[in-house]
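> The following block contains a protein sequence and its predicted model.
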Amino acid sequence: MTNLEQIADLERRYVLQTYNRFPVIFERGKGVFLYDLDGKKYLDLVSGIGVNALGYAHPRIVKTIRDQAARLVHISNLYYHEYQGPLAERLCALSGMQRAFFSNSGTEAIEGSIKLARLAGHRAGGAAKSRLIALEGSYHGRTFGALSLTGQDKHRKGFEPLLEDVTFVPRNDVEAGSIFAFRAFGVTPDIVAIAKPIAAGLPLGAFLAKEEFASAISPGQHGTTFGGGPLACRVALEYLAILEEENLLANVNKVGGYLTQQLQQLVEDYAAAKEVRGRGLIQGIELEIPSRPIVEQGIAQGVLFNSTHDTVVRFLPPFLLQEQHVDKGIRVLRKFLGRKRRRAA
Ligand SMILES: *Cc1c(COP(=O)(O)O)cnc(C)c1O
């Protein structure tokens, strides 16, 4: 038996069957590339679902993890450590918010946000002020509160009853600009939940709140054992420093713009390509055909794409991506899009 068969077989027997994994075992990565157990190289346009913004084995992240692992990994929120305060200060400066709470994941950041919104709502308007509004088609995570706000039936089905008093509204187009995209709109949210790349691959989420909302909570009303530990917080500070010092947001805008052009070209060229959405390095191309087979064929060709909403090929590559990597991804994608559009002569 190959390694792949052995490992897949063990998981089939012992792991709760909630994932439909692709048949590949990754062993290591460097920059925007991953390597499987046989040493085959893959261009990564998924980045562990938007987590590996600095790609793999970034030397400064490796050094920070090594150093901190030898000092202190976990201490609990019973005590202070050196990094949670500075990270909260930095995130508040970047977002315009006033306080942070650290969790281990995005869905927990949403849970905390819901709790804080309820407390602030009740304080402002009494027990009746409890309604929640979320976007149609949205995704907020898998725990019960977050699931109640997720506007996609396929995720909710079978788990009812969920939280009551949730209203879904249609979405507008999303634009990006800075680390916090809302800053480009001139709006300031009351609470904002973040996660995915902020600790460069270590589990860390947070919600940030205006003082007016933050002051609704008291000690003992919310907490976590692991959230905001010294290792994750120190790595997050390093991540934010790297973003700035390596000028990575400028790269996201430049290469993201190039990706948009190349995807638009596919819509012009192929009957199966319908629409391009997103901006920067979070984009998707909606197809008339199922997207999962394309992801499978991409793996065989050494390029990782992601498939979402059954017919979308989603690009969420590391911020280090270069135009030549976009070219490679598009070249491979073209092979699977079928016939070209007939052009008017
Ligand atoms: C990923 C994600 C979540 C859930 O985060 P987890 O870390 O998987 O729990 C929630 N909302 C949005 C918008 C996300 O992208």
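That came through fine.

> quick one: the residue in the stretch 101-250 of the chain that the ligand sits nearest to from residue 113, how far?
Per CB to the nearest ligand atom, the residue of the stretch 101-250 of the chain with the smallest distance to the ligand is residue 106, at 2.2 Å. Quick note: C-beta positions are derived from backbone N, CA and C, even for glycine. Taking CB to CB, to the nearest Å as the measure, residue 106 falls 10 Å from residue 113.

> Next, show the common contact partners of the two.
Each of residue 193 lies in contact with both residue 106 and residue 113 under the rule CB atoms under 8 Å, 6 or more residues apart in numbering.

> where are the low-confidence patches of the stretch 1-150 of the chain?
Scanning the stretch 1-150 of the chain for pLDDT under 70 picks out 1-2.

> And the helices in it?
Applying DSSP state H, counting those that start in this stretch to the stretch 1-150 of the chain gives helices spanning 3-14, 47-50, 59-69, 84-95, 106-125, 144-148.

> give me phi/psi at residue 273?
phi -100, psi 120 (degrees, to the nearest 10).

> quick one: contacts for it?
266, 267, 285, 286, 287, 288, 337.

> on that earlier part again, now the residue of the stretch 101-250 of the chain closest to the ligand: closest residue in space that isn't a chain neighbour?
Distance criterion CB to CB, 6 or more residues apart in numbering; nearest residue to residue 106, sequence neighbours excluded, is residue 195 at 3.4 Å.

> Could you tell me which residues of the stretch 101-250 of the chain lie near the ligand?
By the rule CB under 6 Å from any ligand atom, the part of the stretch 101-250 of the chain lying against the ligand is 105, 106, 107, 110, 139, 140, 141, 195, 196, 205.

> With neighbour count and distance to residue 178 added, can I get the residues you listed in JSON lines?
Converted to JSON lines, these look like this (neighbours: other CB atoms under 10 Å; distance: CB to CB, whole Å):
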{"residue": "105", "neighbour count": "20", "distance to residue 178": "23"}
{"residue": "106", "neighbour count": "25", "distance to residue 178": "20"}
{"residue": "107", "neighbour count": "22", "distance to residue 178": "24"}
{"residue": "110", "neighbour count": "26", "distance to residue 178": "22"}
{"residue": "139", "neighbour count": "18", "distance to residue 178": "22"}
{"residue": "140", "neighbour count": "24", "distance to residue 178": "22"}
{"residue": "141", "neighbour count": "21", "distance to residue 178": "24"}
{"residue": "195", "neighbour count": "22", "distance to residue 178": "18"}
{"residue": "196", "neighbour count": "18", "distance to residue 178": "16"}
{"residue": "205", "neighbour count": "27", "distance to residue 178": "20"}
